[in-house]
Each structure stands twice: as C-alpha cells, then as structure tokens.
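> Here you go, sequence then predicted model.
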Amino acid sequence: MLFTPLTIGNLKLKNRIVMSPMCMYSCTAEDGKVMNWHKTHYSSRAVGQVGLIIVEASAVTEQGRISTKDLGIWSNDHIAGLTELVGLIHEQQGKIGIQLAHAGRKSEVKGPIIAPSAIAFNEQHRTPQEMSVDQIEQTIQSFKAAAVRASEAGFDVIEIHAAHGYLINEFLSPLSNLRTDQYGGDRDQRYYFLERIITAIRECWQGPLFTRISAAEYDQEGSTLEDLTYYAGRMKQQGVDLIDCSSGGVVPASIEVFPGYQVQYAEHIRKQVRIATGAVGIITDAHQANEILKLNQADLVFLGRELLRDPYWARGAAKQLNISIAAPEPYNRAWFS
C-alpha cells in the first residue's frame with residue numbers, strides 16, 4: 001500500500017509518503033524568501049523518492065510569521081524563489097505543496113500581534129490585540145492572495161494550517177475565541193473564519209486542497225474530536241480534499257506520545273466523514289506506515305522527524321517491504337546494492 005499511487009483531484013501521487021510541513025527557521029535575511037538551504041533540504045527528499053513534499057508554514061502576512069526567519073508568501077517578491085523550489089522538485093518527478101499559515105497569538109515578531117481574543121498563549125507570550133472585523137477581512141484576503149501566488153509558483157497542493165494553536169485554530173477553539181460577534185460563539189460561528197478562508201481560496205485555486213487540524217486539544221473545555229469531525233464535514237462540503245490530522249498546540253498541555261498516537265484521529269474522521277485523511281505523529285517504520293494504509297486508517301502517511309533523520313527513508317522502506325522502486329538515474333549503480 002505504501003508504494004501504491006493515489007489520485008487526489010487532478011493530482012496523481014506516485015506513493016503515499018508525504019513530507020510533513022516543518023518550519024526550518026532558515027530565512028537569514030528575515031525577508032521570507034527561499035534560501036539555498038530550502039532548495040537543498042526539499043529537493044533531497046524528492047531525490048529520496050518522497051511522493052509529496054509539503055513546504056513549511058509560509059506566512060500570508062509579514063506580521064503573521066511565527067518568527068522573523070519563517071518563509072513567506074505575503075508578497076509577489078516571494079514568487080521567484082518559490083517557483084525555483086517547485087521546479088527542483090518537479091525535476092525529480094516529485095510533487096510539492098505549500099502550507100499557508102498565520103501565527104496569530106503565537107507570533108514572536110516585533111510589533112503588535114493579533115488573535116480572535118486578547119488572550120495570551122501563556123505567561124511567556126505577549127497578549128495579542130483582539131482582531132477587528134476589518135483585520136479579519138484583510139487576513140482572509142491575505143490567504144486568498146497567497147493562494148494566487150502559490151498557483152503562479154506552480155505548486156501542486158495547498159494546505160491550510162488550521163492546527164497547533166495558530167490563528168485559524170485560535171478561531172476554532174473555545175479556549176482562545178471568546179468573541180461575541182459572527183466570528184465567535186457556538187461552533188458554527190467559530191468555524192466562520194475558516195469557512196471564509198476556504199471559500200476565498202477556492203475562488204482562485206482549482207488544485208487539491210488540504211487542511212491540517214488539531215483533532216485533540218488536551219483540555220476538557222476545548223474542542224472535542226466530534227467538533228473537529230463536524231468541521232471536517234463542513235470542509236468537505238466546501239471542497240477540501242484531505243484532512244491532515246495532528247493535535248495539540250492551542251493551550252499548553254502535557255501530551256503522552258507514542259508511535260502512531262494520532263492515527264486514531266485520522267481513522268475516525270476518515271470513517272465518519274468519508275473524506276481522505278493523512279496520519280502523522282511518530283511514524284518511523286515502513287511496516288507501521290504500511291499497516292496504517294492497509295487498515296484504511298488513513299490515505300497518506302505524513303513523516304516529519306524521520307525524514308529529517310533520513311532523506312532516503314523511502315528507499316529503506318521499499319527494501320523492508322520487498323518492493324522495487326525506481327532509482328534516480330545517477331544512483332542506479334548503488335540503489336539496489
């Protein structure tokens with residue numbers, strides 16, 4: 001299963017292995033532009049035969065970065081570098097997506113930070129400004145403009161970052177959204193911000209659209225798995241193709257982690273909503289990844305730290321599973337030795 005092709009919308013992936021978006025904090029000029037590091041980092045995973053590579057959280061506004069070293073997609077000045085990065089992946093017959101993000105109250109940049117409500121993440125973080133309706137509107141349009149730039153750069157997939165306690169997740173959660181207008185209140189009103197972002201992106205983007213969610217908030221007063229399952233159903237109706245199921249990050253929490261600890265969320269949402277899902281979270285072994293797919297717990301397997309440790313993980317996985325996969329032409333003499 002791990003090396004079975006998968007078609008999502010108009011996109012065909014050669015296998016079910018996805019490089020999960022992971023911030024590199026490597027924009028040394030602090031302008032959000034692609035650096036040589038990004039070109040080497042991402043293209044090496046394409047050489048290693050990862051089917052889909054998702055570029056790290058890329059800020060839709062300069063003020064919405066997690067840090068000043070984040071990649072950006074808030075300006076047309078970013079398109080050239082992103083286009084070059086896409087070309088490097090396509091040269092290796094890989095596919096590439098980009099995660100569109102806004103850090104919200106977890107931003108560490110200088111100047112004012114914004115969130116649905118004026119509640120700090122913890123004592124070490126600054127208290128954000130509660131967003132005005134005009135700021136909300138501007139942010140929605142920033143996501144749309146970023147999607148236009150992603151299309152111009154040639155990306156195959158867009159992923160909306162609605163997880164890990166960043167801005168969209170802050171709107172979805174009752175722990176961080178205490179608004180009393182149309183963007184806060186019951187879960188439908190808390191969903192309204194994301195609803196409008198999806199609608200705006202779908203006006204200019206025809207390719208596969210993923211959304212990363214935090215399916216558990218590890219707090220009794222937070223959103224439940226059933227709430228996120230409900231949101232997944234709403235997203236499906238709006239044209240989202242896959243739910244990337246992570247967890248945590250909305251509030252400080254102690255999380256018990258173990259191999260595959262988040263797979264249950266991908267399985268639950270896949271079965272209840274009948275939408276494609278991605279499983280992520282301490283997936284390290286080929287047999288483990290293959291079993292997730294064989295058991296129909298998810299449609300794609302997202303690997304994070306394991307692909308940092310080994311860019312050629314796919315080759316080793318194929319050997320473990322006794323499957324032959326094509327080698328990059330220059331590596332033929334060594335690939336199967």
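Structure received.
> tell me which residues in stretch 109-129 are buried?
109, 113-117, 119, 121, 128 (16 or more other C-beta atoms under 10 Å). Every residue, glycine included, has its C-beta placed from N, CA and C.
> which one of those is nearest Leu303?
Relative to Leu303, the closest of the buried residues of stretch 109-129 is Phe121; by C-beta to C-beta it sits at 27.3 Å.
> I'd guessed the closest one sits against Val251; true?
Yes. Judged on C-beta atoms under 8 Å, Phe121 makes contact with Val251 at a distance of 7.3 Å.
> And the buried residues of stretch 109-129, which two are furthest apart?
Farthest apart among the buried residues of stretch 109-129 by C-beta to C-beta are Val109 and Ser117. That separation is 19.5 Å.
> Only the buried residues of the lowest-mean-pLDDT helix or strand in the chain, if you could.
Lowest mean confidence among the helices and strands of the chain (mean pLDDT, DSSP states H and E): helix 332-335, at a mean of 80. Across helix 332-335, burial judged by 16+ other C-beta under 10 Å covers Trp335.
> Give me the contacts around it.
Here helix 332-335 makes contact (C-beta atoms under 8 Å, 6 or more residues apart in numbering) with 315, 327-328.
> if we go to 6 Å?
Residues outside helix 332-335 that contact it (C-beta atoms under 6 Å, 6 or more residues apart in numbering): Ala327.
> Report the distance from it to the chain centre.
Taking the mean of its C-alpha atoms, helix 332-335 sits 33 Å from the chain's own mean (C-alpha atoms, centre = their mean, to the nearest Å).
> With stretch 153-170 instead?
5 Å.
> next one: stretch 270-283
Per C-alpha atoms, centre = their mean, the centroid offset for stretch 270-283 relative to its chain is 13 Å.
> Stretch 126-142: end-to-end distance?
23 Å (C-alpha to C-alpha, to the nearest Å).
> Average pLDDT for that stretch, rounded please.
The pLDDT scores in stretch 126-142 average 98.
> how about Ile53, what does it touch?
19, 42, 45, 89, 96.
> Give me the helices and strands touching whatever helix or strand Glu137 lives in, please.
Here Glu137 sits within helix 133-153, counting by DSSP states H and E. When contacts are defined as 3 or more C-beta pairs under 6 Å, 6 or more residues apart in numbering; DSSP states H and E, helix 133-153 packs onto helix 79-91, strand 95-101, helix 187-202.
> Give me the helices and strands touching the next helix or strand after the last one, please.
Spelled out, that is helix 187-202. Using DSSP H and E, the next helix or strand after helix 187-202 towards the C-terminus is strand 209-214. For strand 209-214, the elements it packs on are strand 157-162, strand 242-246, judged by 3+ C-beta pairs under 6 Å, 6+ apart.
> For the ones you listed, could you give me TSV that also reports mean pLDDT, distance to Arg149 and mean neighbour count?
Conversion of the helices and strands packed on strand 209-214 to TSV gives the following (pLDDT from 0 to 100; distance: least, C-beta to C-beta, whole Å; neighbours: other C-beta atoms under 10 Å):
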stretch	mean pLDDT	distance to Arg149	mean neighbour count
strand 157-162	98	10	26
strand 242-246	98	21	29
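> Now render those strands as JSON lines, adding distance to Trp37.
What follows is the helices and strands packed on strand 209-214, written out as JSON lines (distance: least, C-beta to C-beta, whole Å):
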{"stretch": "strand 157-162", "distance to Trp37": "21"}
{"stretch": "strand 242-246", "distance to Trp37": "24"}
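> Quick one: the strands in the protein, in order.
For the chain, the strands defined by DSSP state E cover 6-8, 11-13, 17-19, 52-59, 95-101, 114-115, 129-130, 157-162, 209-214, 242-246, 276-280, 300-303.
> quick one, what contacts the closest residue to Ser214 other than its chain neighbours?
Closest residue in space to Ser214, ignoring its immediate chain neighbours: Ala163 at 4.3 Å, by C-beta to C-beta, 6 or more residues apart in numbering. Ala163 is in contact with 169, 212-214, 246, counting by C-beta under 6 Å, 6+ apart.
> Go again with 10 Å.
The contact partners of Ala163, by C-beta atoms under 10 Å, 6 or more residues apart in numbering, come to 57, 99, 101, 169, 172, 211-215, 228, 244-250, 280.
> For the residue nearest to Ala29 when sequence neighbours are not counted, give its distance to Gly94.
Once flanking residues are discounted, Ala29 sits nearest to Met35: 7.8 Å by C-beta to C-beta, 6+ apart. As judged by C-beta to C-beta, to the nearest Å, Met35 and Gly94 stand 20 Å apart.
> Check Leu209 too.
Taken as C-beta to C-beta, the span from Leu209 to Gly94 is 19 Å.
> Same question for Tyr231.
On the measure of C-beta to C-beta, Tyr231 and Gly94 end up 30 Å apart.
> I'd like to know how many residues surround the closest residue to Asp77 other than its chain neighbours.
Closest residue in space to Asp77, ignoring its immediate chain neighbours: Lys33 at 7.0 Å, by C-beta to C-beta, 6+ apart. As a burial measure, Lys33 scores 17 neighbours (other C-beta atoms under 10 Å).
> and if you look at the one 5 residues further on?
Applying the criterion other C-beta under 10 Å, we find 21 residues in the vicinity of His38.
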